[in-house]
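Asks: sequence plus predicted model, see below.
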4 protein chains.
Amino acid sequence: MLSVKRLDQQDCKVLIEGARTKAVEIGVPMCIAITDESGNLLAFERMDGGKVTSITIAQDKSYTASAAKKATHDYNAVNVPGNLAFGIHTEVGGRISSVGGGLPVIVGDDVVGGIGLSSGTPAQDMECAQAGIDHFMKHFT
Amino acid sequence: MLSVKRLDQQDCKVLIEGARTKAVEIGVPMCIAITDESGNLLAFERMDGGKVTSITIAQDKSYTASAAKKATHDYNAVNVPGNLAFGIHTEVGGRISSVGGGLPVIVGDDVVGGIGLSSGTPAQDMECAQAGIDHFMKHFT
Amino acid sequence: MLSVKRLDQQDCKVLIEGARTKAVEIGVPMCIAITDESGNLLAFERMDGGKVTSITIAQDKSYTASAAKKATHDYNAVNVPGNLAFGIHTEVGGRISSVGGGLPVIVGDDVVGGIGLSSGTPAQDMECAQAGIDHFMKHFT
Amino acid sequence: MLSVKRLDQQDCKVLIEGARTKAVEIGVPMCIAITDESGNLLAFERMDGGKVTSITIAQDKSYTASAAKKATHDYNAVNVPGNLAFGIHTEVGGRISSVGGGLPVIVGDDVVGGIGLSSGTPAQDMECAQAGIDHFMKHFT
């Protein structure tokens, strides 16, 4: 039997709070998704003005980051023609995201969940996702 | 030009708070989804222990209630063989739900969103969805 | 942070062994799927002669049993016109199964995974799934 | 009437054993999928720690290798803009994989199945898939 660590709802609130605060600061209403270590949705918030397409994109970014244990921008770096990983973004019904903005949430040696942001540029999405992680780490430790 | 009334994030928090409080009271961890008047997700919370299958089911109930402007248990009542509405639950890729637990959020004459609950029995899901609406109405007025 | 119990590969082997032994005994080659507590596939075996359609059906039964924490035959009992749960089988893209043959694997108070069988009659599928559970419980305790 | 050669469960065990042994050796827990000559799943193992996204990716690599009778890295080589095969990876609902790690299992002149690995880098996935084939060939002859 395995024993697995997973974000709880209190953790989700802290992650979303950190991401939302940064989104307000840069003036871009975001969709914010938090998934568990298996990629399943734990919490979601579409800030007033967040994009409808981003409802799914934020979730898929978080799914990818948590279930594949890899930042979506790391997939982006290898998802180029000629690289052996090219085409990875159409896998799992297209849910694997290689667009920046999804980060795994790592505690110790374990991926315990993921966070995915969408509605801004990939750079803005990445900045807000990172702000969520930073805020969480400050609370966690 | 139309002017459309839609739940904002503050409204979502109140709706979820009302549903969560009832879920805690009856001892069933729930998935709680809030959608806007177009059926698109605004907010989601999987309480610690909520079911993975209910992540989608709660969203589909809320989608149905808001976008079809009808409680899912009202679809249930007509979704019986021989009734002209029979089979409605497989429409829209199966997203139309005829399982109790999805309610439209109505303000004045307008459906402004929906709430969907899943993880308990349909009766429990309906009770918690209604508690969300009741809590919202109390705050709203 | 939550701590979650999950089947490991050794557990999967025992569950499959129990189900396979019963399938051989009744002379029906089966598809056997084991999922984790979140419904994600851990192990799968299509016995020589198992049905192609059952590849998906066995997985969906196991997914349902583990992720919804309920035997698929329990969903079958309430999935009748007029019941408030009617239509549940088309949810999650039709992955929710109300066909007998999916059982949650329960250790103490926790659903730690699921087992799904398909290729025989529902009664045969249920018998083999239960044989898998029985064999596992004997080893586990 | 055609007579078709197809892997049986004993063959699957040998293929998985070879791949798993290499995965343990390089320290990367893998998802390992074996499909028949028609691309349908025969056996699957998610080693403890294998990635959730790789459940589907390993199966799709094996599906592609067996049903298209071509290694996924051979598709990778031609899946570049300007090549007439470009875009092949979105076919069949995105199940055609051009990511390295899927190999056909060939006996004599016949493709009798496929093996797909996922969770490492494409190079690691390819190495473990080849180890499965090598182990099988040693047993087979």
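Replies: Received it, and whenever you're ready, just let me know what you need.

Asks: what's the first helix or strand after the biggest strand by length in chain A?
Replies: For chain A, the strand with the greatest residue count under DSSP state E is strand A:110-118. Helices and strands here follow DSSP states H and E; after strand A:110-118, the next one along the chain is helix A:122-140.

Asks: how about that following helix: buried residues?
Replies: For helix A:122-140, burial by neighbour count (16 or more other Cβ atoms under 10 Å in any protein chain shown) applies to A:122, A:124-133, A:135-136. C-beta coordinates here come from the backbone N, C-alpha and C atoms, glycine included.

Asks: could you give the angle of that helix to strand A:110-118?
Replies: Relative orientation of helix A:122-140 versus strand A:110-118 (axes from the mean of the first three to the mean of the last three Cα atoms, to 10 degrees): 140 degrees.

Asks: same for helix A:122-140, what does it pack against?
Replies: Packing partners of helix A:122-140 (3 or more Cβ pairs under 8 Å, 6 or more residues apart in numbering or on different chains; DSSP states H and E): helix A:9-26, strand A:102-107, strand A:110-118.

Asks: contacts for that helix, please.
Replies: A:11, A:14-23, A:26, A:28, A:30, A:32, A:61, A:73, A:99-103, A:105, A:107, A:115-120 (Cβ atoms under 8 Å, 6 or more residues apart in numbering or on different chains).

Asks: repeat that for stretch A:65-77.
Replies: A:35-39, A:61, A:64, A:85, A:88-89, A:96-105, A:111, A:113-116, A:122, A:126, D:51-54.

Asks: using CSV, list the CA coordinates for the one helix or strand A:Ser66 maps to.
Replies: Using DSSP H and E, A:Ser66 maps to helix A:53-67. Output of helix A:53-67 as CSV, limited to C-alpha atoms (Å, rounded to 0.1, in the frame of the first residue of the first chain):
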residue,chain,number,x,y,z
THR,A,53,-11.7,29.7,-22.9
SER,A,54,-9.3,29.9,-20.0
ILE,A,55,-11.7,27.9,-17.8
THR,A,56,-10.5,24.8,-19.6
ILE,A,57,-7.0,25.9,-20.3
ALA,A,58,-6.2,26.8,-16.7
GLN,A,59,-7.5,23.3,-15.6
ASP,A,60,-5.5,21.6,-18.3
LYS,A,61,-2.3,23.4,-17.3
SER,A,62,-2.8,22.4,-13.7
TYR,A,63,-3.6,18.9,-14.7
THR,A,64,-0.5,18.6,-16.8
ALA,A,65,1.8,20.1,-14.2
SER,A,66,0.5,17.9,-11.4
ALA,A,67,-0.1,14.6,-13.2
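
Asks: from the chain's centroid, how far away is it?
Replies: 6 Å (Cα atoms, centre = their mean, to the nearest Å).

Asks: can you list the buried residues in it?
Replies: Quick answer for helix A:53-67 (16+ other Cβ under 10 Å): A:54-67.

Asks: contact partners for the residue lying closest to A:Gly94 once chain neighbours are set aside?
Replies: Nearest non-adjacent residue to A:Gly94, counting by Cβ to Cβ, 6 or more residues apart in numbering or on different chains: D:Gly94, 5.9 Å away. Residues in contact with D:Gly94, defined by Cβ under 8 Å, 6+ apart, are A:Thr90, A:Glu91, A:Val92, A:Gly93, A:Gly94, D:Asp60.
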